[in-house]
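J.: Got a predicted structure here, sequence first:
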Amino acid sequence: MFSLIKKLLASKNNTDFKNLHAHGAVIVDVRMPQEYRSGHIKGSINVPLQELGKEVVKLKKLNKPIITCCLSGGRSSAAEKLLSRQGVEVYNGGGWQGLQSKIG
(Lines give C-alpha, C1' and ligand atoms only; values in the text may rest on other atoms or scores of the structure.)
Protein backbone atom coordinates (compact mmCIF):
# COMPACT_ATOMS: atom_id res chain seq x y z
CA MET A 1 0.00 0.00 0.00
CA PHE A 2 2.80 2.44 0.87
CA SER A 3 4.58 1.87 -2.43
CA LEU A 4 1.33 2.84 -4.16
CA ILE A 5 1.23 6.05 -2.13
CA LYS A 6 4.86 6.71 -2.98
CA LYS A 7 4.15 6.26 -6.71
CA LEU A 8 1.27 8.71 -6.49
CA LEU A 9 3.59 11.38 -5.14
CA ALA A 10 5.13 13.30 -8.03
CA SER A 11 8.33 14.14 -6.17
CA LYS A 12 9.61 14.57 -2.64
CA ASN A 13 9.25 18.33 -3.08
CA ASN A 14 5.51 17.80 -3.46
CA THR A 15 5.18 15.15 -0.77
CA ASP A 16 1.69 14.87 0.67
CA PHE A 17 2.71 14.55 4.31
CA LYS A 18 -0.88 14.62 5.51
CA ASN A 19 -1.74 11.59 3.38
CA LEU A 20 1.43 9.74 4.35
CA HIS A 21 0.73 10.34 8.03
CA ALA A 22 -2.92 9.36 7.67
CA HIS A 23 -1.81 6.06 6.16
CA GLY A 24 0.52 5.20 9.02
CA ALA A 25 3.86 6.86 8.32
CA VAL A 26 5.93 7.25 11.48
CA ILE A 27 7.28 10.67 12.39
CA VAL A 28 10.82 10.52 13.76
CA ASP A 29 12.01 13.71 15.43
CA VAL A 30 15.81 13.72 15.38
CA ARG A 31 16.38 16.58 17.84
CA MET A 32 17.98 16.16 21.25
CA PRO A 33 15.65 14.93 24.03
CA GLN A 34 15.54 18.32 25.77
CA GLU A 35 14.51 19.99 22.49
CA TYR A 36 11.85 17.33 21.94
CA ARG A 37 10.47 17.85 25.45
CA SER A 38 10.06 21.57 24.74
CA GLY A 39 7.52 20.76 22.01
CA HIS A 40 6.91 18.06 19.41
CA ILE A 41 4.31 16.48 17.16
CA LYS A 42 1.94 14.25 19.12
CA GLY A 43 2.68 10.60 18.39
CA SER A 44 6.17 11.26 17.02
CA ILE A 45 9.12 9.34 18.33
CA ASN A 46 12.37 10.95 19.41
CA VAL A 47 15.56 9.43 18.04
CA PRO A 48 18.41 11.96 18.19
CA LEU A 49 20.38 12.15 14.95
CA GLN A 50 23.58 10.89 16.58
CA GLU A 51 21.73 7.74 17.75
CA LEU A 52 19.84 7.11 14.52
CA GLY A 53 22.36 4.66 13.09
CA LYS A 54 21.83 2.36 16.09
CA GLU A 55 18.04 2.47 15.63
CA VAL A 56 17.79 1.69 11.90
CA VAL A 57 16.95 -1.99 12.47
CA LYS A 58 14.11 -1.08 14.84
CA LEU A 59 12.76 1.52 12.41
CA LYS A 60 12.90 -0.95 9.51
CA LYS A 61 10.93 -3.48 11.58
CA LEU A 62 8.05 -0.98 11.75
CA ASN A 63 7.60 -1.63 8.02
CA LYS A 64 6.18 1.86 7.53
CA PRO A 65 7.41 4.98 5.79
CA ILE A 66 9.35 7.38 8.00
CA ILE A 67 8.99 11.16 8.04
CA THR A 68 11.96 12.87 9.65
CA CYS A 69 11.77 16.27 11.35
CA CYS A 70 13.90 18.49 13.57
CA LEU A 71 13.97 22.20 14.39
CA SER A 72 14.65 23.73 10.98
CA GLY A 73 15.28 20.88 8.54
CA GLY A 74 19.06 20.42 8.60
CA ARG A 75 19.23 17.40 10.87
CA SER A 76 16.11 15.88 9.34
CA SER A 77 17.77 16.09 5.92
CA ALA A 78 20.85 14.27 7.25
CA ALA A 79 18.55 11.67 8.85
CA GLU A 80 16.68 11.21 5.59
CA LYS A 81 19.94 10.51 3.74
CA LEU A 82 21.15 8.07 6.40
CA LEU A 83 17.88 6.12 6.44
CA SER A 84 17.54 6.15 2.66
CA ARG A 85 21.00 4.59 2.28
CA GLN A 86 19.80 1.82 4.61
CA GLY A 87 16.80 1.06 2.37
CA VAL A 88 14.14 2.81 4.45
CA GLU A 89 11.28 4.61 2.70
CA VAL A 90 11.87 8.06 4.17
CA TYR A 91 10.76 11.65 3.61
CA ASN A 92 12.27 14.82 5.03
CA GLY A 93 9.50 16.72 6.80
CA GLY A 94 11.81 19.62 7.72
CA GLY A 95 11.08 21.64 10.83
CA TRP A 96 8.62 20.00 13.21
CA GLN A 97 6.31 23.01 13.47
CA GLY A 98 6.01 23.31 9.69
CA LEU A 99 5.40 19.58 9.41
CA GLN A 100 2.76 19.77 12.13
CA SER A 101 0.86 22.38 10.10
CA LYS A 102 1.09 20.18 6.99
CA ILE A 103 -0.34 17.09 8.66
CA GLY A 104 -3.08 19.04 10.44
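T.: Thanks, I have it.
J.: all contacts plus neighbour counts: C-alpha atoms, from now on.
T.: Will do.
J.: was I right about residue 47 contacting residue 30?
T.: Yes: between residue 47 and residue 30 a contact is recorded at 5.1 Å, counting by CA atoms under 8 Å.
J.: what about the two, which has more around it?
T.: residue 30 (27 against 20; other CA atoms under 10 Å).
J.: OK, contacts around that one?
T.: Residues near residue 30 by CA atoms under 8 Å, 6 or more residues apart in numbering: 46, 47, 48, 49, 52, 68, 69, 70, 75, 76, 79.
J.: Could you rerun that using 7 Å?
T.: Applying CA atoms under 7 Å, 6 or more residues apart in numbering, one finds that residue 30 lies in contact with 46, 47, 48, 49, 68, 69, 70, 75, 76.
J.: helices or strands next to the host helix or strand of the last one in the packing?
T.: It stands for residue 76. Assigned by DSSP states H and E, residue 76 belongs to helix 74-85. Secondary-structure packing of helix 74-85 (3 or more CA pairs under 7 Å, 6 or more residues apart in numbering; DSSP states H and E): strand 66-70, strand 90-95.
J.: Just the buried ones among the contacts of residue 30, please.
T.: By neighbour count, with 16 or more other CA atoms under 10 Å, those hold 46, 47, 48, 49, 68, 69, 70, 75, 76 as buried.
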